[in-house]
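> Next come a sequence and a model predicted from it.
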Amino acid sequence: MYISLLRRMDAKVITAGYFFQGYLPEKSEACVIDTFPLTNRSRPLCATLCTRNLLCNSFDLCSGDGQPTCRLRYGQTRTLPNSTLSCIHFEIVSDFVCPGGFFWRSKGVCMNNNLALHKPVFMSSVYDDPLYAYQRLGNGSLAVNGEVRPDDTECSCTHLETKPWLTIDILDFFFVRRVVFVNRKTSEWRLHDLNVTVGTDNITFPCFCGFFQGPGTSHQEINMTCAETCRGRYVRLQITSPSPEHLQLCEVEVFSDCNV
C-alpha cells in the first residue's frame with residue numbers, strides 16, 4: 001500500500017492509498033492511459049507517476065519480457081484472477097466516499113458514473129416554438145438532467161435543419177465506452193441515421209462510437225456500446241441524412257465502463 005494526499009476544491013485534505021487488488025494479464029489494455037519503462041518494479045515510483053496524472057486512479061506493475069513497466073489506468077476493476085504470473089494491480093482508495101460514482105481527482109469532487117449528468121450541452125439550434133412551450137422542448141440541458149417523463153416535457157429539440165447535432169462537454173478527457181439515449185414519445189420516427197462520435201476539441205470528432213439507423217420507436221432507449229474505446233471530452237450525436245430533420249432527445253447518458 002502506498003499513501004498519498006489529495007486536496008479537494010474546498011481545500012480539505014484527503015488521505016488516499018493505492019491498495020493491492022489482484023493480478024491482470026500482461027496484454028490487458030482496457031483504458032490504459034500511459035505506460036512507462038522502469039529499471040526495477042518499483043511500486044512507489046509507479047504510484048507517484050499515477051498521482052501526477054489526474055485521470056489515473058489505478059496502476060499495474062508488470063515485468064513482461066524481462067522489462068519492468070508501470071501501466072497507468074483509469075477505471076475500476078472487477079474480480080481479478082489470482083495468478084502471480086500476471087501484472088500486479090493497485091487501485092486508489094480514499095477516505096472521501098462517492099456513492100454511485102468516483103472521486104474526480106482533477107477537480108477534487110465526486111463524479112457521477114453517468115459522465116453526462118448536468119454537464120454543458122451545445123446544440124446546432126434550439127427549438128423555441130411558443131405553441132409547444134408547455135413541453136419545454138428545446139433546451140439542451142433537458143437531455144442531461146436525469147429525467148425522462150411520459151408526457152415529453154423533458155426533451156431537447158433542434159429546429160428542422162440539415163444534419164442537426166447535440167454535443168455534451170463531459171469536462172475532462174475520459175474514456176467513453178458506452179452512450180445511452182432516449183427518444184421522444186411523439187414524432188418518434190424523427191430519430192434515425194444518428195452518428196455518435198467523440199472528440200477532444202469540440203471541433204472535430206474523429207473517434208466513432210456507433211450509428212443508429214432507426215427509425216426510433218416511442219420512448220425507445222438505445223444502449224450503444226462504442227465500436228472502439230474513445231478518449232475525449234466532447235460527445236456528439238448528429239443526424240447524418242441529407243434531408244432536414246429535428247433532433248429530439250429526452251435523455252443522453254455517457255459511461256466510461258473502463259472495467260477490466
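Happy to help now that I have it. Numbering: from 1, shown residues only.

> which sections of the stretch 151-260 of the chain are below the confidence cut-off?
Residue ranges of the stretch 151-260 of the chain with pLDDT under 70: 257-260.

> what ranges do the strands span in it?
156-157, 165-183, 194-199, 207-212, 221-239, 248-255 (DSSP state E, counting those that start in this stretch).

> which of the ones you listed is buried the deepest?
Highest mean neighbour count of the strands of the stretch 151-260 of the chain: strand 156-157, a mean of 28 (counted as mean count of other CB atoms under 10 Å). The way it works is simple: take the backbone N, C-alpha and C, and place the C-beta from them, glycine included.

> Pull the distance from that one to the chain's centre.
21 Å (CA atoms, centre = their mean, to the nearest Å).

> how about stretch 182-193: buried residues?
182-185, 188, 190-193 (16 or more other CB atoms under 10 Å).

> need the contact list for V121.
140-141, 143-144, 156, 166-169 (CB atoms under 8 Å, 6 or more residues apart in numbering).

> and if you look at D128?
G138.

> what about it, which helix or strand?
Using DSSP states H and E, D128 is not contained in any helix or strand.

> Helices of the stretch 1-150 of the chain, residue ranges please.
43-52 (DSSP state H, counting those that start in this stretch).

> Could you list the low-pLDDT ranges of it?
1-17, 30, 75-85, 93-97, 99-100, 103, 105-108, 131-137.

> Save the strands of the stretch 151-260 of the chain as TSV, and put in distance to S125 too.
Formatted as TSV, the strands of the stretch 151-260 of the chain follow (distance: least, CB to CB, whole Å):
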stretch	distance to S125
strand 156-157	9
strand 165-183	9
strand 194-199	17
strand 207-212	21
strand 221-239	12
strand 248-255	12
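
> which one of these lies closest to K119?
strand 165-183 (5.5 Å; CB to CB).

> With only the CA atoms kept, save that closest one in CSV.
What follows is strand 165-183, C-alpha atoms only, in CSV (Å, rounded to 0.1, in the frame of the first residue of the first chain):
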residue,chain,number,x,y,z
TRP,A,165,-26.4,17.9,-33.7
LEU,A,166,-26.1,17.9,-29.9
THR,A,167,-22.8,17.9,-28.1
ILE,A,168,-22.1,17.2,-24.5
ASP,A,169,-19.0,18.5,-22.7
ILE,A,170,-18.0,16.0,-20.0
LEU,A,171,-15.4,18.4,-18.7
ASP,A,172,-12.4,16.1,-18.8
PHE,A,173,-10.7,13.6,-21.1
PHE,A,174,-12.4,10.4,-20.2
PHE,A,175,-12.6,7.0,-21.9
VAL,A,176,-16.0,6.8,-23.5
ARG,A,177,-17.2,3.3,-23.9
ARG,A,178,-21.0,3.4,-23.8
VAL,A,179,-23.7,6.0,-24.7
VAL,A,180,-27.3,5.6,-23.8
PHE,A,181,-30.0,7.9,-25.3
VAL,A,182,-33.8,8.1,-25.1
ASN,A,183,-36.1,9.0,-28.0
